[in-house]
Structure formats: C-alpha cells, structure tokens
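A.B. asks: turn this into a structure:
(chains A and B)
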Amino acid sequence: DTGVSQDPRHKITKRGQNVTFRCDPISEHNRLYWYRQTLGQGPEFLTYFQNEAQLEKSRLLSDRFSAERPKGSFSTLEIQRTEQGDSAMYLCASSLTVSGNTIYFGEGSWLTVV
Amino acid sequence: DQQVKQNSPSLSVQEGRISILNCDYTNSMFDYFLWYKKYPAEGPTFLISISSIKDKNEDGRFTVFLNKSAKHLSLHIVPSQPGDSAVYFCAATLTGGGNKLTFGTGTQLKVEL
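C.D. replies: Numbering: from 1, shown residues only, chains lettered A, B, ... in the order given. Predicted structure coming up:
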C-alpha cells in the first residue's frame, strides 16, 4: 500500500498522559500536513512541513502540541498532558509542492482522552 | 470565521437520481477547490477538484461547477448509488498558502434504494 499511513489508528489515554502519533506520507511527497477533526466539523489545519521544515502552525496548536519531521520523511505529532478536549481524529496528509496539487489523507488516528 | 460553508448538513436522494451538494466560500483569494468523501472512522478520500480559472470539471459520475462571481461551487453525482452514501466535504486553498486546505463542515449524503 503506497498511501498515507498513520499509527496507531486508535488510542485511549488518561487525562494528563502524553501521546504520540506517527505518519508516513506517500514516498515522493515533500509536503506533510496534520489536521484535526471533531464530530460534526470539517478537518481543521494544525501544521505543515515542507521536507523537514515546519512552515506553518495554526493557533489551534497549543504549546502542548509538537510536531516533527526530522528527516523529511515520516512525522510525529506529540500531545503532552492530554485534556479531554483533545479527543478527536488526527489526520495526516501529504502532497507534492506544486500549487493546487491534490492532498491525500491517511485513515486518521482516533484519540479518546478519559 | 467559517470561510467555507456547507449549509446543508444532510441530503437524501433516491438511487439513480442526481445528488447536488453545495458549497459557498467567502475568501475571494481561494483559487483551487476540492471535494472529499469521508466514511466514518476513515480519512477523507479525494474525489474531484477545480481550478478557479475553470467553471466546470467532470470525472465520470462526478461533476464540479464553480461560479466565482457568486463564490459558490457544487458537486453533482449522476447517477447516485448507495455506495455514495457518506459525508462530503468541500475544501478550498489559495496560491502561496502551501496547499493548506480550509474545509466546510460537510454534508451527509444518503442514497436510498
């Protein structure tokens, strides 16, 4: 399968714990995005990378969230001291750099904070 | 500030008929628009897109229409099939925006037998 891959697919954690999600983009794609989706809403942009550089972060991304893409390939999204409001689906996507190019999404990682 | 709006949260259509899903946007700088389909517990799947220099793009049963003056686009599905039942998201992006997408809130399409 050469699509965007996310791991884990589901995570249940206690409030206050840290969680980390991993994303492997489509291999030739140099842009990687993280989105968050809650029930009844469309996906909301969190951050994106071009190669290993993090080029933009949404104001939704509080200081408890950190994303990395150390070698310009896979990326991790860590949430520290989770809160119940962090419960959502975290979506990773990738694309080529060309403007207007289609963005392809992974299947998402469901986070439930109890 | 909802820059992309899908005002119909749900739509029900009979199999074989046309499904029309609507989307409005407020940011005139958006220049590329996409439609995604999403099943529960899965990521969005790309369906079709259109550049702002066009007013129509067709791919099989799916056609997207863009009316720039009205800041409105629509997705037509003909004929509708039960497998089309899903949530459909309209998304927009702008040149120089890093392909970052702004999504609407989605329309739940149900195609009935």
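A.B. asks: pLDDT of stretch B:52-61, averaged?
C.D. replies: Here stretch B:52-61 scores 96 as its mean pLDDT.
A.B. asks: ok, stretch A:70-88 next?
C.D. replies: 95.
A.B. asks: list the beta-bridge partners for whatever residue of chain B ends up closest to chain A.
C.D. replies: Of all residues in chain B, B:Phe103 sits closest to chain A, at 3.1 Å by CB to the nearest CB. (Glycine included, C-beta is placed from N, CA and C.) Per DSSP bridges, the residues bridged to B:Phe103 are B:Ala91.
A.B. asks: host element of the spatially most central residue of chain A?
C.D. replies: By CA atoms, centre = their mean, chain A has its centre lying nearest to A:Trp34, at 3.2 Å. In this assignment (DSSP states H and E), A:Trp34 forms part of strand A:31-37.
A.B. asks: shouldn't B:Phe62 be in contact with B:Ile77?
C.D. replies: Yes: here B:Phe62 reaches B:Ile77: they are 5.9 Å apart, a contact under CB atoms under 8 Å.
A.B. asks: from A:Ser95, how far out is A:Glu28?
C.D. replies: The gap separating A:Glu28 from A:Ser95 is 10 Å, by CB to CB, to the nearest Å.
A.B. asks: quick one on the thing from earlier: more neighbours, B:Phe62 and B:Ile77?
C.D. replies: A side-by-side neighbour count of B:Phe62 and B:Ile77, using other CB atoms under 10 Å in any protein chain shown, places B:Ile77 first with 24 against 17.
A.B. asks: how about the nearest residue to the more buried one, chain neighbours excluded?
C.D. replies: B:Ser19 (4.2 Å; CB to CB, 6 or more residues apart in numbering or on different chains).
A.B. asks: got the contact list for the one you found?
C.D. replies: By CB atoms under 8 Å, 6 or more residues apart in numbering or on different chains, the contact set of B:Ser19 is B:Leu11, B:Val13, B:Leu75, B:His76, B:Ile77, B:Val78, B:Ser80, B:Asp84, B:Leu109, B:Val111.
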